[in-house]
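Engineer: okay, structure incoming, though there's no sequence with it:
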């Protein structure tokens with residue numbers, strides 16, 4: 001199986017598991033005060049981005065850009 005196909009399969013399965021986990025945790029979080037719910041849903045809404053970003057670089061076969069270096073225009 002090719003690397004992009006494997007990355008796609010891993011990404012879809014991983015995202016489905018992540019959504020299931022967040023929904024399971026949300027059952028308890030919805031009982032909390034709204035001020036405590038906001039940070040949970042804010043973090044849960046974007047936490048999947050970092051693993052997927054690394055997976056996309058791996059699937060494309062390229063190295064991610066070095067951390068802390070910004071390109072100047």
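Structural biologist: That came in fine, so what should we check first? Keep in mind that this is a model prediction, so the values were computed, not measured.
Engineer: state the distance from the most centrally placed residue in the chain to residue 33.
Structural biologist: Geometric centre of the chain, nearest residue: residue 48, 1.2 Å, by Cα atoms, centre = their mean. Here the distance between residue 48 and residue 33 works out to 25 Å (Cβ to Cβ, to the nearest Å). C-beta coordinates here come from the backbone N, C-alpha and C atoms, glycine included.
Engineer: also residue 61?
Structural biologist: Residue 61 is 47 Å from residue 33, where distance means Cβ to Cβ.
Engineer: same thing with residue 39?
Structural biologist: 11 Å.
Engineer: ok, now residue 68?
Structural biologist: Taking Cβ to Cβ, one finds residue 68 at 37 Å from residue 33.
Engineer: for the helix or strand containing residue 27, buried residues please.
Structural biologist: Here residue 27, judged by DSSP states H and E, is contained in helix 3-29. For helix 3-29, the neighbour count (16 or more other Cβ atoms under 10 Å) marks 7, 11, 22 as buried.
Engineer: quick one on the thing from earlier: can you pull the contacts of the residue nearest to the centre of the chain?
Structural biologist: Counting by Cβ atoms under 8 Å, 6 or more residues apart in numbering, residue 48 makes contact with 15, 18.
Engineer: same question for residue 7.
Structural biologist: Taking Cβ under 8 Å, 6+ apart, one finds 55, 56, 58, 59 in contact with residue 7.
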